[in-house]
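A.B. asks: Next one to model:
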Amino acid sequence: MLTAIEDKYDSGNYAAKSFRTSDGLNLTYRIYGEKVPGKPAILALPGLTRNIRDLDPAANLLADKYRIYTLNLRGRDTSDNDPDYSNYNTSVYIRDIHEFWNHLEEEPVILLGSSLGALLAMLIVEDHPDMLAGTILNDLGATIEVAGMARIFGYAGKLPDESDLAKVVTTLKDHVGAQFENMSDADWERMAVSMYGLQNGKWHHRYDDNLGKALAENKEAPRDLWVAHQKAADMDIPVLSIRGVLSDVTAKATINKMQEMAPRMQAAEIDGRGHCPILDEPASQQAIIGFMETL
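C.D. replies: Numbers count the residues shown, from 1 in each chain. Just a heads-up that it's a prediction; the model follows:
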């Protein structure tokens with residue numbers, strides 16, 4: 001049940017469902033739109049500390065043209081928290097996403113990822129190319145800028161609860177304000193509600209409190225995203241990059257180099273946005289629809 005403030009910013013234009021992973025967690029997802037003959041569905045993944053509420057504006061706009069699935073990763077929002085927080089890692093996320101695709105019984109999909117979601121999309125090119133009709137990378141490339149990651153890791157899992165929503169908005173502006181221009185008060189409030197929910201009378205972030213520990217203790221060997229992108233180029237998998245002009249996570253030079261490696265790769269720059277575009281921007285929508293029309 002949505003609270004009044006959540007309902008204010010929720011399209012309601014979806015079916016809310018869940019599926020069970022092979023290790024017994026329930027992950028929640030939404031379905032927007034109807035199947036379109038001859039067009040792949042879009043499977044959208046949110047960022048590191050984010051959830052599918054972020055994707056509602058974009059998915060709602062695209063729903064009259066495409067079937068869209070949005071998936072909450074484990075430990076995010078209404079998906080189950082993992083009792084073993086070491087499972088908050090890319091290998092397990094990729095396993096979950098592949099199991100989810102099998103659960104849907106879909107043909108190959110367009111994997112649209114924002115930030116961490118885009119990183120997972122790039123790695124799935126290596127691990128499960130059978131599930132891909134293409135990828136859309138929202139503000140992430142094969143080189144991740146250190147300054148942007150330091151900013152994100154500086155607050156992930158560390159932000160305090162707040163007594164009222166206005167304080168949440170202030171906190172968000174402190175941490176991500178430089179990444180978003182021309183945002184209305186309603187835009188900031190919508191972002192706040194997507195990232196925080198009421199818990200015991202206070203606004204609490206919508207992810208497992210142990211995510212910060214998982215990030216600090218992570219022992220995964222890093223994977224080379226340039227190798228993953230080269231495989232996408234070699235397999236001629238369609239790729240669209242959407243990059244915020246203000247991004248401190250993804251450099252334009254990185255996207256340029258990726259296009260040199262994969263000449264068919266499309267790229268869009270979104271003015272007034274950094275990490276990450278919300279994807280409801282007209283330029284983002286135009287890029288996504290244009291990309292889908294080429295498939």
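A.B. asks: the helices in the chain, which residues?
C.D. replies: For the chain, the helices defined by DSSP state H cover 4-8, 56-62, 90-104, 116-127, 146-155, 165-176, 185-195, 211-217, 225-234, 252-261, 282-293.
A.B. asks: List just the one of the ones you listed that sits closest to Gly24.
C.D. replies: helix 90-104 (11.8 Å; Cβ to Cβ). Every C-beta, even on glycine, is put in place using the N, C-alpha and C of the backbone.
A.B. asks: Any regions of the stretch 151-295 of the chain where pLDDT drops low?
C.D. replies: The model of the stretch 151-295 of the chain has no residue with pLDDT under 70.
A.B. asks: Go through the helices of the chain and pick out the most buried.
C.D. replies: Mean neighbour count (mean count of other Cβ atoms under 10 Å) peaks for helix 116-127 among the helices of the chain, with a mean of 24.
A.B. asks: Alpha carbons only: can I get it in CSV?
C.D. replies: C-alpha atoms of helix 116-127 as CSV (Å, rounded to 0.1, in the frame of the first residue of the first chain):
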residue,chain,number,x,y,z
LEU,A,116,25.4,-0.4,-11.3
GLY,A,117,22.7,-1.7,-13.6
ALA,A,118,24.7,-0.6,-16.6
LEU,A,119,27.8,-2.3,-15.2
LEU,A,120,25.8,-5.5,-14.8
ALA,A,121,24.5,-5.2,-18.4
MET,A,122,28.1,-4.9,-19.7
LEU,A,123,29.2,-8.0,-17.8
ILE,A,124,26.1,-10.0,-18.9
VAL,A,125,27.4,-9.6,-22.5
GLU,A,126,30.2,-11.9,-21.4
ASP,A,127,28.3,-14.2,-19.1
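A.B. asks: Could you list every helix and strand that that helix packs against?
C.D. replies: If you count contacts as 3 or more Cβ pairs under 8 Å, 6 or more residues apart in numbering; DSSP states H and E, helix 116-127 packs onto strand 42-45, helix 90-104, strand 109-114, strand 132-138, helix 225-234.
A.B. asks: a markdown table for these, including distance to His275?
C.D. replies: Formatted as a markdown table, these follow (distance: least, Cβ to Cβ, whole Å):
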| stretch | distance to His275 |
| --- | --- |
| strand 42-45 | 15 |
| helix 90-104 | 18 |
| strand 109-114 | 9 |
| strand 132-138 | 9 |
| helix 225-234 | 16 |
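A.B. asks: Let me know which of these is the nearest to Ile52.
C.D. replies: Closest of the helices and strands packed on helix 116-127 to Ile52 is strand 42-45, at 7.5 Å (criterion: Cβ to Cβ).
A.B. asks: Now do the closest one: everything it contacts.
C.D. replies: 52, 55, 58-59, 62, 66-71, 73, 97, 100-101, 104, 106, 109-114, 116-118, 120-121, 136, 292 (Cβ atoms under 8 Å, 6 or more residues apart in numbering).
A.B. asks: again, but for stretch 191-208
C.D. replies: Under the criterion Cβ under 8 Å, 6+ apart, residues 3, 5-6, 8-9, 49-51, 53-54, 56, 75-77, 81-82, 85, 88, 157, 159, 161-165, 167-169, 172, 183, 278 lie in contact with stretch 191-208.
A.B. asks: can you rerun that using 7 Å?
C.D. replies: With contacts defined as Cβ atoms under 7 Å, 6 or more residues apart in numbering, stretch 191-208 is touched by 3, 5-6, 9, 49-51, 53-54, 75-77, 81, 85, 159, 161-163, 165, 168-169, 172.
A.B. asks: before we move on, what about stretch 259-273?
C.D. replies: By Cβ under 7 Å, 6+ apart, stretch 259-273 touches 180-182, 229-230, 232-233, 236, 238-246, 255, 258, 277, 281, 283-284, 287, 291.
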